[in-house]
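Chemist: here you go, sequence then predicted model.
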Amino acid sequence: MVPIPGSDFEIGKYTVTFDEWDACVEDGGCNGYKPLDEEWGRGKQPVVNVNWNDVQSYLEWLSRKTGKTYRLPSEHEWEIATRAGTTTQYYWGDELGFQNANCHGCGILAMDGWLQGRRLCKTGSSRWVF
């Protein structure tokens, strides 16, 4: 968990991985739901194919295991964390750019008209969290 300066909450630095989700399932949590990885691979890859209810069951399990309370951030908390103290449109400035983390194509369709999937990874690109 990473404390967010100027706020009263902490947020996870990285996304929940398949390893972490599978530990929940193996321990009898997460309603036994083992999501498909869509051929991206499991292990340290971010878990996919989970919905809000699935995440709530994971958070209940994690809270029970650690004795701490975990929850999803509110929209306001997420905005604070992603901006990393900035007041610009994006935490890196006001313009989208090819060199910004996880921004290749910047939300547009590929030349052939198909959305292109990208594997996520730890980037450390935000000063606070990501």
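Modeler: Received it, and whenever you're ready, just let me know what you need.

Chemist: and the gap between the closest residue to Asn31 other than its chain neighbours and Val50?
Modeler: Leaving aside its chain neighbours, Asn31 sits nearest to Ser57 (5.0 Å; criterion: C-beta to C-beta, 6 or more residues apart in numbering). Where you see a C-beta, it was placed from the backbone N, CA and C, and this is true even at glycine. Per C-beta to C-beta, to the nearest Å, Ser57 is found 9 Å from Val50.

Chemist: what touches both of these two?
Modeler: Listed as contacting both Ser57 and Val50 by C-beta atoms under 8 Å, 6 or more residues apart in numbering are Tyr33.

Chemist: follow-up on the earlier one: for the residue nearest to Asn31, what are its contacts?
Modeler: Applying C-beta under 8 Å, 6+ apart to Ser57 gives the contacts 24, 29-31, 33.

Chemist: let's see that with 10 Å instead.
Modeler: 24-25, 29-33, 50 (C-beta atoms under 10 Å, 6 or more residues apart in numbering).
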